[in-house]
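> A predicted structure for the sequence below; I have some questions about it.
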Amino acid sequence: MKRRKFDISQAPANLAKGVDERYQAATPLRALLNKVFPDHWSFLLGEIALFSFIILLLTGTFLTLFFDPSMNEVTYNGAYPALRGISMSAAYESTLHISFEVRGGLFMRQMHHWAALLFMASIVIHMARIFFTGAFRKPREANWAIGVILFLLGFLAGFTGYSLPDDGLSGTGLRIASAIMLSIPVAGTWLSASVFGGEFPGHLIIGRFYIAHVLLIPGGLLALISVHLGLVFKQKHTQWPGPMRTNTNVVGERMFPRYALKQGGFFMSVFGVVALMAGLFQINPIWFFGPYRASEVSSASQPDWYVMFMDGLVRLMPNWQIYIPIGNGYSIPPLFWPAVVGLGALTTVPMFYPFIESRRTKDKSIHNLLQRPRDNPERTGIGAMAFSFFIVATVSGGNDVIADKFHISLNAMTWAGRIGLLIIPPLAYYVSVRICLGLQQHDREVLAHGVETGIIRRLPNGQFVEIHQPLGPVDDHGHPVPIEYGGWVVPKKMNRIGALAPAVKGFFFPVEKPAEAPVSPGMPPVTAREEREEITSGH
């Protein structure tokens, strides 16, 4: 019998063929790998949030191996001499053990914390990009709502996370959370007792927060991120208007291999930046704050930046207490309005904003092309108003530190914040709208009259005029024919439209072709290089 030779080079092909024969995976996988993504830097903001979440999962898994989520009292005898012999919870002791005795533990702790801050910052900036460009419009209303919920879950994940060490700063935050629960009428005392297992602080809260932080909230985040990415793949990706870009296609790069390789490199860059920050910049030094005592409050206690706006709203709220004469009587403290009603309004109103704008403008069409912020002044003004409100509230969250360092009256800082919340957002709205209208007018002038050349000509009658280079054809009298605005950047400089020799592009090697880049005196010669292909997809 003749023995058949086995060709190892055909093994991958045979394996892929066998898998496809059983599971018919080739067709959906081919469609996935051929998915076209537009190539623009603003679309990378969401990827930063995704990569930060991956870093959080990796570093959090490491920290879970060494953390003890227990509130049992122990006496510290570890490597940090300033706290030896001090009674503290096992959670705080294990956090000190991670910081000073586990190899790489402090680096992992700081990397986890910096990644959390970057995760929340990238969510906020990514959603700002979506809001200002109108990417939330039909058919992406659900993805916008998912983004708002992701921010809220990240808010809770951060709060439960920095509460786990049970140090003086995190304990102060837990005390504020208990006060917020108690401010809720009727159900507040029952809610606080159920969460803390009795009177504050109890002996259960660290263990409960631990389960929420490492299991429940990450599970919710992972599920929502998966749904979010699934909708991005199912629906067309938004893109900026431009040549060959329409509402029914996508111009860019296929997912594999170029886009996937670029995203892999971008992940490594984000990972490296977070690692660099963790190694160079100290964050949350819990050994300075000491163990938490319910009778003590840490000086200058401020939460992370994405929680500080609520702290500022609480500080600015006037002392208006409402008494309800029902039964034995109920009182609604001032804390209830900014911390419960305010936070609820600041999450639900943005969640339904796509439907509010659609109903107000009577716009029911599908939008796959983005808008420049200047093209929708009202929306841009609303966004500027929201950000100015957030900034004033955030600064007010540290008004005690500002008053102390700059020798300003704390009462004056409080009143400045209250007045700022009423005046600055409307002012930001007005200024933003006027700027957008001015930018629109400038674009229309360029489209109608051409680009300013800086060349001054004297007419026979002695009048001086500036020469404009038309962007399109001219009429019989040499006047430019107005061009319709296409929703994208209008050239404003001569070198943007070829009147001047372009600068040599490229880092190490130029990329222009000689025919496309005329060489002027003093410029280096340009070598040819094959141009990158842009892919247009209708999917």
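Sure thing, it's come through. Numbering: from 1, shown residues only.

> got the CA coordinates for the helix or strand containing F266 in PDB?
Using DSSP states H and E, F266 sits within helix 260-280. Taking Å, rounded to 0.1, in the frame of the first residue of the first chain, the C-alpha atoms of helix 260-280 are listed here in PDB:
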ATOM      1  CA  ALA A 260      -7.200  46.000  13.300                       C
ATOM      2  CA  LEU A 261      -3.400  46.500  13.300                       C
ATOM      3  CA  LYS A 262      -3.800  50.200  14.000                       C
ATOM      4  CA  GLN A 263      -6.200  49.600  16.900                       C
ATOM      5  CA  GLY A 264      -3.800  47.100  18.300                       C
ATOM      6  CA  GLY A 265      -1.000  49.600  18.200                       C
ATOM      7  CA  PHE A 266      -3.300  52.300  19.700                       C
ATOM      8  CA  PHE A 267      -4.200  49.900  22.600                       C
ATOM      9  CA  MET A 268      -0.500  49.500  23.300                       C
ATOM     10  CA  SER A 269      -0.100  53.300  23.300                       C
ATOM     11  CA  VAL A 270      -2.900  53.800  25.800                       C
ATOM     12  CA  PHE A 271      -1.600  50.900  28.000                       C
ATOM     13  CA  GLY A 272       1.900  52.600  27.900                       C
ATOM     14  CA  VAL A 273       0.600  56.000  28.800                       C
ATOM     15  CA  VAL A 274      -1.400  54.600  31.700                       C
ATOM     16  CA  ALA A 275       1.600  52.600  32.900                       C
ATOM     17  CA  LEU A 276       3.800  55.700  32.600                       C
ATOM     18  CA  MET A 277       1.400  57.800  34.700                       C
ATOM     19  CA  ALA A 278       1.100  55.000  37.300                       C
ATOM     20  CA  GLY A 279       4.900  54.900  37.600                       C
ATOM     21  CA  LEU A 280       5.600  58.600  37.700                       C
END
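
> Give me the mean pLDDT for the host helix or strand of F155.
Assigning secondary structure by DSSP H and E places F155 in helix 141-163. Averaging pLDDT along helix 141-163 gives 95.

> Show me how far it is from its chain's centre.
Put simply, helix 141-163 sits 11 Å off its chain's centre (CA atoms, centre = their mean, to the nearest Å).

> CA atoms only for the helix or strand following it, dumped as CSV, please.
As assigned by DSSP H and E, the chain's next helix or strand after helix 141-163 is helix 168-182. The C-alpha trace of helix 168-182 is given here as CSV (Å, rounded to 0.1, in the frame of the first residue of the first chain):
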residue,chain,number,x,y,z
GLY,A,168,-10.0,58.3,56.1
LEU,A,169,-10.8,59.7,52.7
SER,A,170,-13.0,56.8,51.5
GLY,A,171,-14.8,56.7,54.8
THR,A,172,-15.7,60.3,54.5
GLY,A,173,-17.2,59.5,51.1
LEU,A,174,-19.2,56.7,52.6
ARG,A,175,-20.5,59.0,55.3
ILE,A,176,-21.7,61.4,52.5
ALA,A,177,-23.4,58.5,50.7
SER,A,178,-25.2,57.6,54.0
ALA,A,179,-26.4,61.1,54.4
ILE,A,180,-27.7,61.2,50.8
MET,A,181,-29.7,58.0,51.5
LEU,A,182,-31.1,59.4,54.8
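
> same for helix 168-182, what does it pack against?
Applying 3 or more CB pairs under 8 Å, 6 or more residues apart in numbering; DSSP states H and E, one finds that helix 168-182 contacts helix 141-163, helix 188-196, helix 286-289. Glycine gets a C-beta too; all of them are placed from N, C-alpha and C.
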